[in-house]
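**Q** next come a sequence and a model predicted from it.
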Amino acid sequence: MLGAAPCLTTPGMLAAAQAHNPGFGRPIYSQNHYIRQRFSVRRMLCPMCGEPTVEGDRWTLTARRMTAGALRRRLSIRPPADLPDRQILIDAGSVAPQHYDCATRSMVQCPHLSADPNLDLRPFAARWFILPLLAAQPATPSVMMAPIRRPPPVVCFLQLCGVTDEIERASA
């Protein structure tokens, strides 16, 4: 991280900044670039080819099913309040959906994905929401030993969750 700057994907917030030179270099598998990750989620760009995905051709490999209630308990940020706790979500984490062809290619080409026995290629939900994942900035001491001033948190990544039409059944 090179510092914090106004976030281009989450208006009104600061975001983690990083050197950015699109189109150059080689992939560093399993290491997201802050800026590219936020844009890929916000614009639903395929992380494999960088092109936009469209409804009907959005696929996920690593997303996990969970309830809105479980996500609320796991994260300090909150899913939309109108989702009941038993609503089933597709938690894609920080990975935007891929095109089907890109997803199947990445299962072969990415060393981490090809070694993962838990891959589950499935269509991504037509409805989704995005949550900013925040990190605290280090405190900076003030002049004359005044109390330490805490800068506002910064957006590091965007968390993507698909909303299914399913509701978890009540347990007996």
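**A** Great, that's in hand. Numbering: from 1, shown residues only.

**Q** how far is the least confident helix or strand in the chain by mean pLDDT from where the chain is centred?
**A** One helix or strand of the chain scores below all others by mean pLDDT, DSSP states H and E: helix 111-114, with a mean of 85. Put simply, helix 111-114 sits 19 Å off its chain's centre (C-alpha atoms, centre = their mean, to the nearest Å).

**Q** and the next element down the chain from it?
**A** Next along the chain after helix 111-114, taking DSSP states H and E as the criterion, comes strand 122-123.

**Q** in its sheet, what does that following strand sit against?
**A** strand 59-60 (antiparallel) (DSSP bridges).

**Q** what sits closest to Arg127 if chain neighbours are left out?
**A** Val163 (4.3 Å; C-beta to C-beta, 6 or more residues apart in numbering). All C-beta atoms are positioned from the backbone trio N, CA, C, and that covers glycine.

**Q** my bad, should have said Met13
**A** Nearest to Met13 is Cys7, by C-beta to C-beta, 6+ apart, at 4.6 Å.

**Q** next, count neighbours for the one you found.
**A** 19 (other C-beta atoms under 10 Å).

**Q** so what's it up against?
**A** By C-beta atoms under 8 Å, 6 or more residues apart in numbering, the contact set of Cys7 is Met13, Leu14, Ala15, Arg38, Pro132, Val154, Val155.

**Q** same question, Gln87
**A** Thr67, Ala68, Val163, Thr164, Glu166, Ile167, Glu168.

**Q** tell me the one among the residues you listed nearest to His20.
**A** Val163 (31.1 Å; C-beta to C-beta).

**Q** and the closest one, that one's in a strand?
**A** Yes - assessed with DSSP: H, G, I helix; E, B strand; the rest coil, Val163 lies in a strand.

**Q** quick check, it in contact with Ala125.
**A** Yes - applying C-beta atoms under 8 Å, one finds Val163 in contact with Ala125, separated by 5.6 Å.

**Q** for the residue nearest the centre of the chain, which non-adjacent residue is spatially closest?
**A** Centrality entry for the chain: nearest residue to the mean C-alpha point is Ser94, 2.2 Å, by C-alpha atoms, centre = their mean. Once flanking residues are discounted, Ser94 sits nearest to Phe157: 4.3 Å by C-beta to C-beta, 6+ apart.

**Q** which residues does the one you found bridge with?
**A** With DSSP bridges as the rule, Phe157 is bridged to Leu133.

**Q** is it true that it touches Arg38?
**A** Yes - here Phe157 reaches Arg38: they are 6.8 Å apart, a contact under C-beta under 8 Å.
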